[in-house]
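S.K.: sequence and predicted structure, then a few things I'm wondering about:
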Amino acid sequence: MKYLSTTALTTVLALGLAANAMATELTVYTAVEAEDLPRYAAAFNEDHPDIKINWVRDSTGVITAKLLAEKNNPQADVIWGLAATSLLLMKGEDMLEAYAPAGVDKLDPKFVDKSTPPAWTGMDAWVAAVCYNTVEGEKNGVPAPTSWKDLTNPVYKGHIIMPNPNSSGTGFLDVSSWLQMFGQDGGWAYMDGLHENIARYTHSGSAPCKLAAAGETTIGVSFAFRGAKSKAAGAPIEIIVPTEGVGWDMEATAIVAGTDDLDAAKTLVDWTITKKANELYNSGYAVVAYPGVAKPVQYFPDGIVDAMIDNDFEFAANNRGDILAEWAKRYDGKSDPKN
Amino acid sequence: MLDDTQNIYLRIENLWKKFGNFVALQEISLDVVEGEFLCFLGPSGCGKTTLLRAIAGLDLQTSGTVEQAGKDVSNLPPAERDFGIVFQSYALFPNLTIKKNISYGLENAKMPKAEINARVRELLEMVGLPEQGDKYPAQLSGGQQQRIALARAIASKPGLLLLDEPLSALDAKVRVFLRHEIKELQRQLGVTTVMVTHDQEEALSMADRIVVMNHGTIEQVGSPLEIYRDPASLFVADFIGAMNQMPAKAQPEGVRAGAAPLFCTHKFPHGAPVIATIRPEDIIPTAEPGQNALETQIVSMEFLGSFFRAILSSRALGDIELMADFSINAVRRLHLAAGQSLMVQLPPDRIKVFEGGK
Amino acid sequence: MASVSDIPKPFVKPKLGRDDWMQRGFMAMIAIYLIVALAMPLYAMLSKAFSTYTFDLSLYEVQVSDKDGNFNAPAKTLLALNNALDPKPIKRLSTSNTGRKGVTKLFPDFSFRSPVKYRFRGIDENAVYIVGSKRFTGPDWQELDSNTFRRVVIRPTRDVGLSNFVTYFSTPSLFQSIQNSLLIAAISTVITVSLAFWFAYALARSTMRFKGFFRMVAMMPILVPSLLPGIALIYMFGKQGFLNGLLMGQSIYGPIGIVIGSVFFTFPHAMIIIATALSISDARLYEASVSLKASRWKTFWTVTIPGARYGLFSAAFVVFNLVITDFGLPKVIGGKFNMLAVDIYKQVIGQQNFEMGAVVSVVLLVPAVLAFAIDRQVQKKQVALLSARSVVFEPKPDRKYDRIFLIYSSLVALFIVGIIAVCQFAAVIKFWPYDLSLSLNNYDFDRMDGGGWGSYKNSLLLALLTAIIGTVVVFLGGYMVEKTKGFAKGRALFQALAMLPMAIPGMVLGLSYIFFFNNPDNPLNFIYGTMIILVVSTVTHFYTVSHLTAITALKQMDTEFESVSQSLKQPFYKLFWRVTVPVSMPAILNISIYLFVNAMTTVSAVVFLYSTNTALASVAVLNMDDAGDIAPAAAMGMMIFYTNAGARILHALASRRLLKRSEAWRKGG
């Protein structure tokens, strides 16, 4: 018994202390696609082998929730790759350490927080798109849509999957872009119509496109980068840019106020805005913060950059709670809205 | 009665025990003489086991003192007292061999290994199981297991041996055999022993003295013969052996049971309701009518091995039926059989009178 | 008769020996464990449910200038402005912790182009507001032009009250979930209990062949996470499902899928309980019935059903509880159909509305605790039946019935094996349904969300730690309750605490851990985000069944071992180590395999508590499915299945070896 309890105790202690054992480790919260993270870390470590990154990755909604929940007891040192809307939310809670990274002046000013010093710096834009499975479309007699309004056509009933904006950043940027493009009333009226055709709402923003790729649905409302990847993997899909324009959000970087290791955090954030880092972002995103870096991405739909709407992040951040509550009231749950 | 030359080994004084709102033991005071074999006897729920466990320190009394070998042990945990104990269930450790069971209490007494082994061998011989040391308890019979439990209890030579219904789980035959064995071993070792039992035969045959208990109090303390011959209460009279009970009214020279006057001595005032008792074997057939003679009818006869038990009814006694034990000889000689009439005498010195009338 | 008041004082005060002190120490430690790991988190959660957020309009003052920018008018509070208008522009003041509210509505003639300026401030430091994205508090005036004033939002203050519950019950989509959950749980219960009854009946009352095989198959669902059948159902009945036609146009995403999956994962639980109930019924009753020439049917209704009724009730409540508290399955296959457990997840993870999550938790607690309490009562009655001596029923061969039962059992077995086989199949198909070639691509977990192969290793570590630490804690706790003397009130409290986890849904436990352990004032805060909190929550989540197993084993041991050991002046831990533990070894092994298997499969409590370094395989299944990577999710699910199956085989071998080695003393010779 003595032996057992000693072992157990040692294990417990070891587990608890392991995190503090090594010198420079940064806990980095991110919503970047899981498969990209090893590349990001490796590229960073080429220049800074002494700083180890511990990723905490989840969907935008979850990471945002996690950060807000930990408001008074932050666990993260740096946020690298989270929607600017979410970072604005955190800025309003005084959760971010304002810092002007070395070389920030080289970035497109659109991609930098307006405060001085800025609370966050942008990396790339991530753009909504519609994934359309051509095989299933033909089989089910569902034509390819060209606009958002098309999706309310009864022919699509039960053939569309979109992300739940409450948990997915992609879902939220869709909703916020519709409200901006069609106006408050027009936006909700549009979604009422769309809801009639939606088969279900997913938790993650990439799922609808993956499900379209797998033929589990014909149309998935997702984002362009995911669609390009699925297409590259051999899925019979088309990536459609709706004619009205597409919502987008920025992936951005910030230092979490209260980090144990501000110097290392600064080192990392400095690196995230370098040209090298931006080239990395370009592998998945056609629009990046560093001007002149962006090269065309394979399978990325043409004309999507022009279709990006003039996004009001502040509107999105300040109204996020109300929009999500209204959305949940209208569409969450089986009962169709009666109001 | 104790005489002054004997040493008191265990002294219990004004001991009380409650369980919640139930008083399980009240006002128990008792002296146990060094080397004697004492039995707590009583029906289930009378508090005898509770008393034993208080002596052991397994369930502490609520109030009162226990003194062992001149030392106040009232509030000590069991491990700080000096006793060995045997339970009805044997409580042998099933996964340890017989040897390991016996040596369990010796192991950390800083005794050298060889000495422990020798002691275990000695004990196994003492309980008559020298060959069984390497077996497991489940491989022994119940009687054998109880002997091992006994060996384990006395292994470290405790000053006091406590036996909690040690024979109740055994077959009748093994039980009788073990009674003798245990008694013999106790005599050899001279260890002061307290045994709890509900079996009066066991108590009568093994104990030097018996403590009869009922409802958490001591009814009587005495030698087996005293208890049997001279019960101090109707409860004791009834509990030990068979006893006829006759509701009666006290009279100056005796009592009147039904219509029958019975001569006997007693201390009750005239007219007081009493119960007159007599043991079945004290009822004797008689030829002549005379003092305490009754004309009876044999209702039934039951053969009980070494004697017959007859049920007698008598017009004089009314509804009351009497049990009477007759030797096989007497039955043969007098040609006793159910349906016959028979004159019996209830000797006055055998009639005990107790308070009655509830 | 003397009464308690007659007992003379002083009462004896026990002198505590070394054993007593040590036992009390152990008991205190484990009681503290249960209080810290259970009672206090639950309290934290309950208080969160009543913690409300309200916009307090009286905390803010605003002053409006004229067109030239002169501030002549007096400052007014927002409350005064709101009250002055009819109808009041701001009606709902209760909100969530993330609530933000713009204030321009209070100025009917507001225009962001107007030259009018505004001064805004809070009364004190409690008043928090945001201009654009910058946070302000306190009584310093901020002078803002109209266009900036448009961007002022106020933040709520904390309060205590029932308004969260009011909001909950006035939100139809949330409220609907109660009905959905009760309905699904009820339907699943009826189907599972009926299926399990006939299966158990076939095993107990027929002489069909392959009983051992059927028994083994029936236990298989326990080895996988509850959401795995959901994944199999997608492959079978989804849009691309090979059995899609069987649904006749109905969607598998929704009630149908949840019910089928629930039947799958609750089947073994119901089967075990009913089989136990059937095995204890008395053969003499059957003989009596046969001798009275009662028909088979009549015997069934007059003997079998009454004999098994407690088992049926108990199985029903257990299944009901499992379904209503399950989160993984409706998450995967529920589609738009909401259930309570999923609502907790959505409120917390999706909307960051922890208070509403706590409210849904309280709502979910009600049926869970009720079902649990009724089940406990029924079980007590069943135990009473069990202790009565009865003659074991030996079924007689009957070709016709045996064949019917064999066919029936085969169909059930096919359902169970089929679900698992489909998952395995899904895991090795390259790209369903367009490329059906075999591939191990889906096992390349490092390329997916959910933590990769690391999460599998974490799960193994969690399962091992839970099995080891949990068994030590549970068995020691059981020993203290069952075998120590004195301290009766403490032991009763302990026993009650030990029964509590069974009534607490995993989601609720996990959420309450966030509230309790993620509080920076909590000295135990350091375990948040580590493997320790996962082990603690898993041990606690599965405490009750383990505790009952330990108690049952300990009850079977002679109550006088402790007395004998004390009389022999041996410390209690020697007895514990040399006798209690070896004799209880089969139960100890059972507890550890139970904890191991559950730690591998559990999702509900840990889904709130894992961090990147401690991502778990079961959660990875959920997250991969979430991200649309269904095939890898199935592959990871199968990894859990094989691991658990392997653990079960090891457990069986260890038990057999143990029994063989202890045969001499267990059976006698």
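M.R.: The structure has been received and is ready for your questions. Residues are numbered from 1 along each chain as shown, chains lettered A, B, ... in the order given.
S.K.: residue numbers of the stretch 201-350 of chain B in contact with chain C?
M.R.: Within the stretch 201-350 of chain B, the positions near chain C by C-beta under 8 Å from any C-beta of the partner chain are B:215-216. Yep, even glycine has a C-beta here, placed from its N, CA and C like the rest.
S.K.: pLDDT wise, what is the residue of the stretch 201-350 of chain B found nearest chain C at?
M.R.: Using C-beta to the nearest C-beta, the single residue of the stretch 201-350 of chain B nearest to chain C is B:His215, 7.0 Å away. The score at B:His215 is 94. That number is its pLDDT.
S.K.: helices of chain A, start to end?
M.R.: Per DSSP state H, chain A carries helices over the ranges A:2-21, A:37-47, A:60-69, A:84-91, A:134-140, A:169-197, A:207-213, A:224-232, A:262-272, A:275-282, A:304-307, A:313-331.
S.K.: what's the closest of these to chain B?
M.R.: helix A:2-21 (15.9 Å).
S.K.: what about A:Asp322, distance to B:Met111?
M.R.: Per C-beta to C-beta, to the nearest Å, A:Asp322 is found 82 Å from B:Met111.
S.K.: apologies, that question was intended for B:Ala151.
M.R.: B:Ala151 sits 16 Å away from B:Met111, going by C-beta to C-beta.
S.K.: neighbour count: these two, which is higher?
M.R.: B:Ala151 (25 against 15; other C-beta atoms under 10 Å in any protein chain shown).
S.K.: the residue located most distally from the centre of chain C sits in which helix or strand?
M.R.: Within chain C, the residue lying farthest from the chain centre (C-alpha atoms, centre = their mean) is C:Asp68, at 63.6 Å. C:Asp68 is part of no helix or strand, with elements assigned from DSSP states H and E.
S.K.: contacting residues around the residue sitting nearest the centre point of chain C?
M.R.: Note on chain C: the residue nearest the mean C-alpha position is C:Gly506, at 2.2 Å, using C-alpha atoms, centre = their mean. Neighbouring residues of C:Gly506 by C-beta atoms under 8 Å, 6 or more residues apart in numbering or on different chains: C:325, C:327, C:541, C:602-605.
S.K.: out of these, which are buried?
M.R.: With burial judged by 16 or more other C-beta atoms under 10 Å in any protein chain shown, the buried subset of the contacts of C:Gly506 is C:325, C:327, C:541, C:602-605.
S.K.: dump these into a markdown table; add pLDDT and secondary structure as well.
M.R.: Converted to a markdown table, the buried ones among the contacts of C:Gly506 look like this (pLDDT from 0 to 100; DSSP: H, G, I helix; E, B strand; the rest coil):
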| residue | pLDDT | secondary structure |
| --- | --- | --- |
| C:Thr325 | 92 | helix |
| C:Phe327 | 90 | coil |
| C:His541 | 95 | helix |
| C:Thr602 | 94 | coil |
| C:Val603 | 92 | coil |
| C:Ser604 | 89 | coil |
| C:Ala605 | 88 | coil |
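S.K.: just flag the most distant two among those residues.
M.R.: By the measure C-beta to C-beta, C:Phe327 and C:His541 form the most distant pair in the buried ones among the contacts of C:Gly506, at 12.5 Å.
S.K.: which residues do those two both contact?
M.R.: Common contacts of C:Phe327 and C:His541 (C-beta under 8 Å, 6+ apart): C:506, C:604.
S.K.: re earlier: mean neighbour count added to the helices of chain A, as TSV?
M.R.: TSV is the format used below for those (neighbours: other C-beta atoms under 10 Å in any protein chain shown):
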stretch	mean neighbour count
helix A:2-21	12
helix A:37-47	15
helix A:60-69	24
helix A:84-91	25
helix A:134-140	15
helix A:169-197	20
helix A:207-213	30
helix A:224-232	23
helix A:262-272	20
helix A:275-282	19
helix A:304-307	16
helix A:313-331	21
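S.K.: what's the closest of the ones you listed to C:Leu162?
M.R.: Of all the helices of chain A, it is helix A:313-331 that lies closest to C:Leu162, at 19.0 Å by C-beta to C-beta.
S.K.: now the closest one and helix A:169-197, what's the angle there?
M.R.: 40 degrees (axes from the mean of the first three to the mean of the last three C-alpha atoms, to 10 degrees).
S.K.: get me the contact residues on the stretch 51-200 of chain C for chain A.
M.R.: Residues of the stretch 51-200 of chain C lying near chain A (C-beta under 8 Å from any C-beta): C:95-100, C:102, C:130, C:132-135, C:151, C:153, C:171-174, C:176-177, C:180.
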